[in-house]
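>>> give me coordinates for this.
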Amino acid sequence: MGELALLFPLLAALSGVLVALMIRLGTLDHPGDRSSHSVPTPKGGGVGISAAYLIGMAWLAHTHRVPFTALTLLPAALLLAVVSYFDDVRQWPAIAKLAAQVAAASLVGVVFAFLIVHQVFGAHSGVIWLAAVPVLIMWLVYVTNAVNFIDGLNGLAAGSVAIAAAIQSIAVPAPIGRQGLVLVAGIIGFLPFNYPRARIFMGDVGSQVCGFVIAGLAIQAVDVREAALIVPLALLPIVTDVAFTLARRALRGDPLAQAHRGHLYQVANRAGMPAARVTALYWCLALWGALCGLAAGRIGSVVPTVLSALAIALLPMGAWLRYVVLKAKRAGITVW
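Predicted coordinates:
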């Protein structure tokens with residue numbers, strides 16, 4: 001226990017040192033049509049988060065018993081980190097990033113589906129496994145991209161993921177909880193450089209790894225009744241913002257792959273709400289969802305509890321949507 005208590009501060013410090021190094025060496029992110037910043041700012045701060053997570057997990061795997069699923073996350077996260085970093089530097093085509101995401105998600109999805117389905121349904125579960133694999137792959141890819149898309153204001157994506165991982169680590173048994181804390185440690189080392197004023201952005205190397213790992217942690221907790229809903233409900237603000245924006249753009253006939261500033265958090269910021277306040281609000285929404293998931297895990301009946309927790313967690317998102325639409329209308333910004 002003493003070693004673990006020392007590990008997490010060391011990982012946060014390592015992350016901070018690497019982030020500071022990337023400020024000096026990182027590629028500049030020049031403002032564009034989608035950007036919320038107005039001056040060139042270094043990116044690649046996610047190198048600190050990714051390195052802290054990968055090193056921390058390797059150390060846990062060497063010194064403590066961790067699930068095989070956790071070991072599967074390591075090469076998948078490493079693949080995403082490498083591809084995403086080079087994309088930050090060289091701006092690779094979107095298809096290259098998607099291919100890396102699908103490859104990483106396929107590796108994790110196949111293994112996770114086999115172990116989880118076998119554990120929950122027993123040996124005679126081949127058909128369920130075949131159905132579960134594509135579902136898990138889609139979940140991993142969607143959350144990875146959702147966190148990437150939402151990383152447009154200082155601290156919003158990283159802080160939301162840290163809240164989800166931290167609350168889950170409280171509720172789950174040690175092996176999964178330690179994984180969440182390793183991710184949180186890396187994010188803690190990064191956030192002081194990014195919020196409220198950004199000296200560096202985490203870039204795809206941070207947002208994609210954060211999204212992929214938190215999606216993987218959610219899958220690992222699916223058979224832990226006390227924690228199964230924590231991450232999904234904590235990520236609800238991110239997932240619903242992205243889903244709403246994609247649906248709205250599809251209905252308007254806008255290209256879905258084109259860079260834009262139409263997410264709810266971006267519209268609120270463009271309409272005059274300070275960026276730091278928008279981020280703090282999304283952190284509160286993530287915490288609210290996580291606490292709803294935590295409370296739901298303490299109740300016995302499954303289906304009514306899930307539906308009730310989902311409805312309660314969605315309430316503030318409905319209020320937020322209405323607020324953004326009205327604020328945008330007053331500012332002359334088209335939402336629909």
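>>> check which helix or strand covers the residue nearest the centre of the chain.
Geometric centre of the chain, nearest residue: Gly211, 3.1 Å, by C-alpha atoms, centre = their mean. Assigned by DSSP states H and E, Gly211 falls within helix 203-220.
>>> ok, then the element right after that helix?
helix 230-234.
>>> show me what counts as buried in that next one.
230-234 (16 or more other C-beta atoms under 10 Å). All C-beta spots, glycine's among them, are computed from the backbone N, C-alpha and C.
>>> dump these to TSV, plus pLDDT and distance to Ala185.
As requested, those are arranged in TSV below (pLDDT from 0 to 100; distance: C-beta to C-beta, whole Å):
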residue	pLDDT	distance to Ala185
Ile230	91	19
Val231	93	17
Pro232	92	23
Leu233	92	23
Ala234	94	18
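>>> redo the residues you listed as a markdown table? Include distance to Tyr53.
Formatted as a markdown table, the buried residues of helix 230-234 follow (distance: C-beta to C-beta, whole Å):
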| residue | distance to Tyr53 |
| --- | --- |
| Ile230 | 19 |
| Val231 | 16 |
| Pro232 | 20 |
| Leu233 | 23 |
| Ala234 | 18 |
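>>> tally of neighbours for Ala243?
Per other C-beta atoms under 10 Å, the neighbour tally for Ala243 reads 12.
>>> repeat for Asp223
Neighbours around Asp223, by other C-beta under 10 Å: 13.
>>> find me the pLDDT at it, would you?
You'll see Asp223 listed with a pLDDT of 75.
>>> please apply the same query to the one 3 residues further on.
Per-residue confidence for Glu226 comes out at a pLDDT of 77.
>>> for the protein, what are the low-confidence residue spans?
The model of the chain has pLDDT under 70 over residues 1-3, 29-38, 64-66, 118-126, 255-259, 300-305, 335-336.
>>> all helices for it, in order.
Ranges of helices in the chain, per DSSP state H, are 2-25, 46-63, 68-90, 94-121, 126-150, 156-171, 174-190, 203-220, 230-234, 236-252, 264-270, 275-296, 302-330.
>>> Serialize these to CSV and add fields for distance to Pro196.
Output for these, formatted as CSV (distance: least, C-beta to C-beta, whole Å):
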stretch, distance to Pro196
helix 2-25, 16
helix 46-63, 18
helix 68-90, 23
helix 94-121, 29
helix 126-150, 17
helix 156-171, 11
helix 174-190, 14
helix 203-220, 18
helix 230-234, 21
helix 236-252, 19
helix 264-270, 13
helix 275-296, 4
helix 302-330, 20
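>>> could you single out the most deeply buried of the ones you listed?
Ranked by mean neighbour count under mean count of other C-beta atoms under 10 Å, these are led by helix 230-234, which reaches a mean of 30.
>>> now that one - C-alpha only, PDB.
Presented in PDB, the C-alpha positions along helix 230-234 are these (Å, rounded to 0.1, in the frame of the first residue of the first chain):
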ATOM      1  CA  ILE A 230     -20.600   5.400 -13.000                       C
ATOM      2  CA  VAL A 231     -18.500   6.000 -16.100                       C
ATOM      3  CA  PRO A 232     -21.300   5.900 -18.700                       C
ATOM      4  CA  LEU A 233     -23.400   8.400 -16.700                       C
ATOM      5  CA  ALA A 234     -20.300  10.600 -16.000                       C
END
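>>> what's it packed up against?
Secondary-structure packing of helix 230-234 (3 or more C-beta pairs under 8 Å, 6 or more residues apart in numbering; DSSP states H and E): helix 156-171, helix 203-220, helix 275-296, helix 302-330.
>>> which strands or helices does the shortest one pack on?
For helix 156-171, the packing partners by 3+ C-beta pairs under 8 Å, 6+ apart come out as helix 126-150, helix 174-190, helix 203-220, helix 230-234, helix 236-252, helix 275-296.
>>> next, the angle helix 275-296 makes with it.
20 degrees (axes from the mean of the first three to the mean of the last three C-alpha atoms, to 10 degrees).
>>> ditto for the last one
With the same axes, to 10 degrees as the basis, helix 302-330 and helix 275-296 are set at 160 degrees to each other.
>>> for Cys49, give its distance to Val242.
In this structure residue 49 is Ile, not Cys. According to C-beta to C-beta, to the nearest Å, Ile49 and Val242 sit 20 Å apart.
>>> which ones are touching the nearest residue to the residue nearest to the centre of the chain once chain neighbours are set aside?
Closest residue to Gly211 apart from its sequence neighbours, by C-beta to C-beta, 6 or more residues apart in numbering: Val147 at 3.1 Å. Shown in contact with Val147 (C-beta atoms under 8 Å, 6 or more residues apart in numbering): 157, 160-161, 207-208, 210-211, 214, 238.
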